[in-house]
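>>> Give me the fold of what follows.
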Amino acid sequence: MQSVDHQNLTAEPSADTAQLKALKLRIQAWGRELGFDAVGVSGVDLSAAEPGLAAWLEAGFHGEMDYMARHGMKRARPSELLPGTLRVISARMNYWPKAADAMENLADGRRAYVSRYALGRDYHKVLRNRLQKLAERIDAELPHGYRVFVDSAPVLEVELASRAALGWRGKHSLLLDRTVGSWFFLGEIFTNLPLPEDQPTAAHCGRCTACLDACPTGAIVAPYRVDARRCISYLTIELHGPIPEVLRPAIGNRIYGCDDCQLVCPWNRFARLGAQMDFAPRHGLDRASLVELFSWSAHDFDSRMAGSPIRRIGYERWLRNLAVALGNAPHSPAVVAALRARADDASALVREHVAWALARHGE
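I've put the predicted structure just below:
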């Protein structure tokens, strides 16, 4: 859990309804000044979401993400995570980058596909710093107890954001907004200010099943229900060991994450370019070749991925993912040579995936 302040949340600030309503409007304006595209407020009663969370965990859909089960229902109980919390301020920041065309990249098996959110700097740091500034500005206006979270604690961020009128949960389980689609990050400020709550946004997916139909591995097993164990984002980022062989061919050239369900979503035709330069592609990751990236040394990986969310998977899993993608790549002498060069890699995990990839090329 990321704790950015230790102020007391048990003592509720003294302010009347009119003051709190005016403060909320200023909070939203301050949020826009800090680069957020939308800011909303929700309550903390998420009891209606608990049965779905419990069923998802019971089905084992969280895979090796043991922390999901370890925290249990705390994820749906903000006031248990941080006693004294009365409201959650949710903020949304667009990240769709000006980058090489995503669909063209996916279609070219010689190139590496990196999820659009990970092409630039680590969003955790960017959002956390901005949210901290917003929380401090609120505190200067009306002292309050708070903590800032950006995907760093057991928080049902999509549920909270939907209740804060920032969008609705799509059938792929991500948040959607009619004006910008889904290419945005979310972050939260837990506070003991009893701010006026927003009204949840109505869902607008209708009968569309584009995201379910497009999932390469069939991970979206039902509307609003994702089996992480089959999800390419989970397989390439969260999974530490070998990627199940049966799923490797479907991964294609996706070496970090997967965007297919978002790329086909009709609402994303309204996506807007993110205004933050932090999310612009770095080191040519939006158009890099698989062979080029597979040639990086551990030092290359560490230095070039500094400040990137990709660095957290480490060099070994980076090579594992690239080996799978090279196994799926069009046959060429360059691809085979790149794989052979790592056939005796020090890592058993890498060796296994290289051997699989070479076998795919008849080696």
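
>>> C-alpha from now on. contacts and neighbour counts both.
Will do.

>>> Could you list the domains of this protein?
The chain breaks down into these domains under automatic domain parsing: 17-100+117-191, 289-363.

>>> Any chance of CSV for the ones you listed, columns mean neighbour count and distance to Gly274?
CSV is the format used below for the domains of the chain (neighbours: other C-alpha atoms under 10 Å; distance: least, C-alpha to C-alpha, whole Å):
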stretch, mean neighbour count, distance to Gly274
domain 17-100+117-191, 20, 4
domain 289-363, 18, 17
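
>>> between those, which one is nearest to Cys205?
domain 17-100+117-191 (6.5 Å; C-alpha to C-alpha).

>>> What segments of the stretch 51-200 of the chain are helices?
For the stretch 51-200 of the chain, the helices defined by DSSP state H, counting those that start in this stretch occupy 66-71, 78-81, 102-107, 123-141, 157-163.

>>> Which among those is found nearest to Ile255?
Once the helices of the stretch 51-200 of the chain are compared by C-alpha to C-alpha, helix 102-107 is nearest, at 10.8 Å.

>>> Which positions in that closest one come out as buried?
Buried residues in helix 102-107, defined by neighbour count with 16 or more other C-alpha atoms under 10 Å: Ala102, Asn105, Leu106.

>>> Dump these into TSV; add distance to Arg75 and pLDDT as well.
Output for these, formatted as TSV (distance: C-alpha to C-alpha, whole Å; pLDDT from 0 to 100):
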residue	distance to Arg75	pLDDT
Ala102	33	96
Asn105	36	96
Leu106	34	97
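
>>> where in the stretch 1-150 of the chain is pLDDT low?
1-14 (pLDDT under 70).

>>> Show me where it has its strands.
38-42, 87-94, 113-114, 146-149 (DSSP state E, counting those that start in this stretch).

>>> give me every residue that touches the closest residue in space to Asp227 that isn't next to it in sequence.
Of all residues not flanking Asp227 in the chain, Phe61 sits nearest, at 4.6 Å (C-alpha to C-alpha, 6 or more residues apart in numbering). With contacts defined as C-alpha atoms under 8 Å, 6 or more residues apart in numbering, Phe61 is in contact with Val226, Asp227, Ala228, Arg229.

>>> run the last query once more with 10 Å
If you count contacts by C-alpha atoms under 10 Å, 6 or more residues apart in numbering, Phe61 has them with Ala55, Ala219, Arg225, Val226, Asp227, Ala228, Arg229, Arg230, Cys231.

>>> Adding distance to Tyr95, write the helices of the stretch 51-200 of the chain out as a markdown table.
Below are those laid out as a markdown table (distance: least, C-alpha to C-alpha, whole Å):
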| stretch | distance to Tyr95 |
| --- | --- |
| helix 66-71 | 26 |
| helix 78-81 | 26 |
| helix 102-107 | 14 |
| helix 123-141 | 9 |
| helix 157-163 | 17 |
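
>>> So which of those is nearest Asp16?
Per C-alpha to C-alpha, nearest to Asp16 of the helices of the stretch 51-200 of the chain: helix 123-141, 13.9 Å.

>>> Leaving out sequence neighbours, find the closest residue to Val148.
Closest to Val148 by C-alpha to C-alpha, 6+ apart is Ile189, at 4.5 Å.

>>> State the phi and psi torsions of Val221.
Dihedral angles of Val221 (phi, psi; degrees, to the nearest 10) stand at phi -80, psi -20.

>>> And the pLDDT for the nearest residue to it once chain neighbours are set aside?
Nearest in space to Val221, with sequence neighbours left out and distances taken as C-alpha to C-alpha, 6+ apart, is Asp227 at 6.5 Å. For Asp227, the pLDDT comes out at 97.

>>> Asp227: neighbour count?
19 (other C-alpha atoms under 10 Å).

>>> My guess is it contacts Tyr234. True?
Yes - between Asp227 and Tyr234 there is a contact at 9.5 Å, judged by C-alpha atoms under 10 Å.
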